[in-house]
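Trainee: Sharing a sequence plus its predicted fold:
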Amino acid sequence: MSGTRSPFRKERAIEAILVSHGQPSHPQAGEAYLRGLAQQVREFLPEWSIRSATLAAPGALERTLDLAGPEPLVFPVFMAEGWFTQTALTGRLKGTGARQLPALGIHPELPRLTAHFLEMTAERTHWNASGYELLLAAHGSATCRSTAQSTVRFAAGLAEWLPERPIRLGFLEEAPFLEQTATSCGMRTVLLPLFAGNGHHVTQDIPEALDKAGFEGLRLAPLIEAPFVPKLIACALESANLKELAA
């Protein structure tokens, strides 16, 4: 990724909105979580106006669009391109002038940065020398194939940077299910949830599946909380804006 120097005029903030699914059962908790991420991104783009809104909070996206001005950049904080990004979000942005960017989960730099993060994590646990395997926990979908396909592509990209690390996939809503996959994992397994928040799936569904499987490996926080993510989002926004200025 590039640095974070901003070449833009200070008198006119560039508008961007981070959008995630949020937490339908606790909308305000999801809103607060995403605001925290927006604040971290803002530290890399101090001349920008970085707002946030979840799809789960009624009216949040529409209110944020009204505040943001005519043509904000919209960055989907989703770990896959699927129905929520391609239909739900796109539909709600139609006619607003907002410019939707690709989702976080398909950013071309994400596999490399994730691989480095995992290797550093393994080094702290002294697993690098003797090796470890990786279990990716993802949402999946019983109705939208593109969701799982995004995860499979990410896993393939990750494998290019971690050629000696076995990588397994486990989904919550389709086969191979997480509980089944976790059953065959050894103690030197790093579990990485591919989620863009810390809602019910992360705090309850994943731990329950792992506990039922007798999983004894290392459980990490969701990928959205990896330390490199705010800068990655900032660089994606800056790159998109520069491309538009050059067009």
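Mentor: Structure's in. What do you need?
Trainee: Number of residues surrounding the closest residue to S150 other than its chain neighbours?
Mentor: Distances taken as Cβ to Cβ, 6 or more residues apart in numbering place A80 nearest to S150, at 3.6 Å, with adjacent residues excluded. For every residue, glycine as well, the C-beta is placed using N, CA and C. Using other Cβ atoms under 10 Å, the number of residues around A80 comes to 28.
Trainee: Also I50?
Mentor: 28.
Trainee: Same question for A159.
Mentor: By other Cβ under 10 Å, the residues close to A159 number 16.
Trainee: ok, now which ones touch it?
Mentor: Neighbouring residues of A159 by Cβ atoms under 8 Å, 6 or more residues apart in numbering: 165, 167.
Trainee: same thing with the one 10 residues further on?
Mentor: Contacts here follow Cβ under 8 Å, 6+ apart; on that basis L169 touches 135-136, 138, 151-152, 155, 176, 181.
Trainee: Need the three-state assignment for it.
Mentor: Three-state call for L169 (DSSP: H, G, I helix; E, B strand; the rest coil): strand.
Trainee: From F154, how far off is it?
Mentor: 10 Å (Cβ to Cβ, to the nearest Å).
Trainee: Find the residues that touch each one of those two.
Mentor: Between them, L169 and F154 share these contacting residues under Cβ under 8 Å, 6+ apart: L136.
Trainee: Go ahead and confirm R219 touches L191.
Mentor: Yes: contact criterion Cβ atoms under 8 Å: R219 and L191 qualify, at 4.8 Å.
Trainee: neighbour count winner among those two?
Mentor: The neighbour count for R219 versus L191, taken as other Cβ under 10 Å, is higher for L191 (21 against 16).
Trainee: The more buried one reaches L220, doesn't it?
Mentor: Yes: with contact defined as Cβ under 8 Å, L191 reaches L220; the gap is 6.2 Å.
Trainee: Return the member of the contacts of L169 nearest to R63.
Mentor: For the contacts of L169, the closest approach to R63 (Cβ to Cβ) belongs to A138, at 30.6 Å.
Trainee: what's near enough to touch that closest one?
Mentor: 79-80, 148, 151, 169-172, 193-195.
Trainee: what do you get if the cut-off is 10 Å, keeping everything else the same?
Mentor: Applying Cβ atoms under 10 Å, 6 or more residues apart in numbering, we find A138 in contact with 79-80, 105, 147-148, 150-152, 154-155, 169-174, 178, 192-195, 201, 206, 223.
Trainee: ditto for L192
Mentor: Shown in contact with L192 (Cβ under 10 Å, 6+ apart): 114, 117-118, 121, 134-138, 158, 167, 218-223, 226.
Trainee: Need the overlap of contacts for L191 and L220.
Mentor: Common neighbours of L191 and L220 (Cβ under 10 Å, 6+ apart) are 134-135, 137.
Trainee: For E15, give its distance to E71.
Mentor: E15 is 8 Å from E71, by Cβ to Cβ.
Trainee: Which one's more surrounded, those two?
Mentor: Here E15 and E71 are compared on neighbour count by other Cβ under 10 Å; more neighbours surround E15, at 21 against 11.
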